[in-house]
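J.: prediction below, plus the sequence it came from.
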Amino acid sequence: MKLAALISGGKDSSFAIYKALQEGHEVTDLITIIPANEDSYMFHSANIRLTELISEACGIPLTSQLSTGEKEKELLDLGKAISRVKVDGVAVGAIESEYQAYRVRNICDELGMEMYAPLWHMEPEGLLREMITLMDIRMVKVAAAGLDESWLGRIFDEQMIMDLKALNRKYRVHIAGEGGEYESLVLDAPFYKKRIQLLETRNLWMGDRGIMEVVQAQLKDKY
């Protein structure tokens, strides 16, 4: 199937692309929605403009669409972006979010496309373990109890999974971040032809939540 992939730069949308390629689909386009509202119900916002560098890294063209980020109205912007590409279906990184999956599926139905969600209802801990063996992932936004500034910039590894499990037991934090507890950034993945190198970052902490903002980054040869 010829697919366009919704891409935020985070682990879930990136891993959905990896799964699509592994299953023999052709990913011909990337689609990014850039919300004006960082608390968008639908779309990841932290370092979203790095999707341009990700597009360059993997050699897949990017379609970007600005959005107000207003609840429900932002779906019109998503529909506009999807209608601009000529594909059979749309790949999404949804794991458990009925809110996201239902709305993307409706847009796909209206446009005569299929929604492809390879991570849907996968067991979160096993999924994270698979991700960390294949991708270089960093924590770039936190917004939940137990996630303080020290988490910003952390590499997703075995220790992080154990720490997230502890926060799940104590505060019911979803270990895959499906409740908006955190956002991530993928610096390298199997389908990247070059990896992303962070040259300058800065942490912005706002009392009970924060973002690691990427100020400058570049592509680097993988070998």
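T.: Happy to help now that I have it.
J.: pLDDT score for residue 70?
T.: On the pLDDT scale, residue 70 is placed at 65.
J.: cool, the one 5 residues further on as well?
T.: In this model, residue 75 is scored at 82, pLDDT.
J.: show me the shaky parts of this protein.
T.: Where the chain drops to pLDDT under 70, the residues are 37-44, 69-72.
J.: let me see the ranges of the strands in it.
T.: 2-6, 26-35, 62-67, 89-91, 114-116, 136-142, 182-188, 194-205, 210-221 (DSSP state E).
J.: for residue 51, find the nearest of those.
T.: strand 26-35 (4.3 Å; C-beta to C-beta). Glycine gets a C-beta too; all of them are placed from N, C-alpha and C.
J.: how far off centre is the closest one?
T.: 11 Å (C-alpha atoms, centre = their mean, to the nearest Å).
J.: quick one on the thing from earlier: what's the closest of the strands of the chain to residue 161?
T.: strand 136-142 (11.3 Å).
J.: now the angle between strand 182-188 and that closest one, please.
T.: Angle, strand 136-142 to strand 182-188, by axes from the mean of the first three to the mean of the last three C-alpha atoms, to 10 degrees: 150 degrees.
J.: contacts for strand 136-142, please.
T.: 11, 45-47, 131, 148-149, 151-156, 160, 181-189, 195, 198, 209-212, 214 (C-beta atoms under 8 Å, 6 or more residues apart in numbering).
J.: contact partners for residue 157?
T.: So residue 157 contacts residue 132 (C-beta under 8 Å, 6+ apart).
J.: cool, and residue 134?
T.: With C-beta under 8 Å, 6+ apart, residue 134 has these contacts: 15, 18, 189, 190.
J.: domain map for this structure?
T.: 2-116, 124-221 (automatic domain parsing).
J.: quick one: terminal-to-terminal distance for the first one?
T.: In domain 2-116, first residue to last residue: 11 Å (C-alpha to C-alpha, to the nearest Å).
J.: so what's the gap between that domain and the chain middle?
T.: 9 Å.
J.: same question, stretch 112-126
T.: On C-alpha atoms, centre = their mean, the centre of stretch 112-126 falls 13 Å from that of its chain.
J.: contacts for it, please.
T.: 1, 3, 12, 15-16, 19-20, 23, 25, 82, 87-96, 101, 104-105, 108, 127, 161, 165, 174-176, 178.
J.: mind doing that once more with 7 Å?
T.: Identification of contacts with stretch 112-126 by C-beta atoms under 7 Å, 6 or more residues apart in numbering yields 1, 3, 12, 15-16, 19-20, 87-96, 101, 104-105, 108, 127, 161, 175-176.
J.: number of nearby residues for residue 101?
T.: Per other C-beta atoms under 10 Å, the neighbour tally for residue 101 reads 17.
J.: could you find the closest non-adjacent residue to it?
T.: residue 94 (4.5 Å; C-beta to C-beta, 6 or more residues apart in numbering).
J.: circling back to that earlier point, just the buried members of the contacts of strand 136-142?
T.: 11, 45-47, 131, 151-152, 154, 156, 160, 181-189, 195, 198, 209-212, 214 (16 or more other C-beta atoms under 10 Å).
J.: any chance of JSON lines for the contacts of residue 134, columns distance to residue 115?
T.: Converted to JSON lines, the contacts of residue 134 look like this (distance: C-beta to C-beta, whole Å):
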{"residue": "15", "distance to residue 115": "16"}
{"residue": "18", "distance to residue 115": "17"}
{"residue": "189", "distance to residue 115": "21"}
{"residue": "190", "distance to residue 115": "23"}
